[in-house]
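J.: Below is the structure, and that's it, no one-letter string:
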């Protein structure tokens, strides 16, 4: 909500002198790219029942995934509950809010510097099904989730 309020305040400077607002697309043309991307940021609407995308790690509620899917991973087609359950995980650790992915060292470290601003999980436990992994591999995309057994093996070493 704060991001949307910020965008409204920023856009108010781009109104016509006669008091009528321009069409939204025209109003957005003068804004810096970072402001436009920040306007598209996905922020969880509440703190209950959060899930992280297994591919990019963005954190949203189930309702937000059903309404919007994953803005970073449209190829996963997360608009139905079954698909959301396959492509997201409730088991993640840590969160970080990234407002400027290209300039953020944290975004580079998490490998989300090519994604939209939003709230991201630091680590995600879960596994995509094999067909989905092959589809992502074929497109040259990486995924961020790790199987639970590989995490417990790494911690014991």
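T.: Structure's in. What do you need? On a predicted model such as this, the values are computed, not experimentally measured, just so you know.

J.: Every contact and neighbour count from this point should use C-alpha atoms.
T.: Noted.

J.: so where's this structure shaky on pLDDT?
T.: Where the chain drops to pLDDT under 70, the residues are 1-41, 149-157.

J.: which residues of it fall in strands?
T.: For the chain, applying DSSP state E gives strands covering 50-53, 59-61, 88-89, 92-98, 118-125, 145-146.

J.: Turn those strands into TSV, including mean neighbour count.
T.: What follows is these, written out as TSV (neighbours: other CA atoms under 10 Å):
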stretch	mean neighbour count
strand 50-53	27
strand 59-61	25
strand 88-89	26
strand 92-98	16
strand 118-125	22
strand 145-146	20
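
J.: now these in JSON lines, with distance to residue 75?
T.: Formatted as JSON lines, the strands of the chain follow (distance: least, CA to CA, whole Å):
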{"stretch": "strand 50-53", "distance to residue 75": "12"}
{"stretch": "strand 59-61", "distance to residue 75": "17"}
{"stretch": "strand 88-89", "distance to residue 75": "14"}
{"stretch": "strand 92-98", "distance to residue 75": "22"}
{"stretch": "strand 118-125", "distance to residue 75": "19"}
{"stretch": "strand 145-146", "distance to residue 75": "17"}
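
J.: Pull the contacting residues for the nearest residue to residue 124 once chain neighbours are set aside.
T.: Computed as CA to CA, 6 or more residues apart in numbering, the closest residue to residue 124 that is not its neighbour in sequence is residue 92, at 4.3 Å. Residues in contact with residue 92, defined by CA atoms under 8 Å, 6 or more residues apart in numbering, are 51, 52, 121, 122, 123, 124, 125.

J.: cutoff 6 Å now
T.: Applying CA atoms under 6 Å, 6 or more residues apart in numbering to residue 92 gives the contacts 123, 124, 125.

J.: May I have the beta-bridge partners of the first one?
T.: With beta bridges defined as DSSP bridges, residue 123 has these partners: residue 93.

J.: In this structure residue 95 contacts residue 123, no?
T.: No - counting by CA atoms under 6 Å, residue 95 does not reach residue 123; the two are 8.6 Å apart.

J.: Residue 66: neighbour count?
T.: For residue 66, the number of neighbouring residues by other CA atoms under 10 Å comes to 17.
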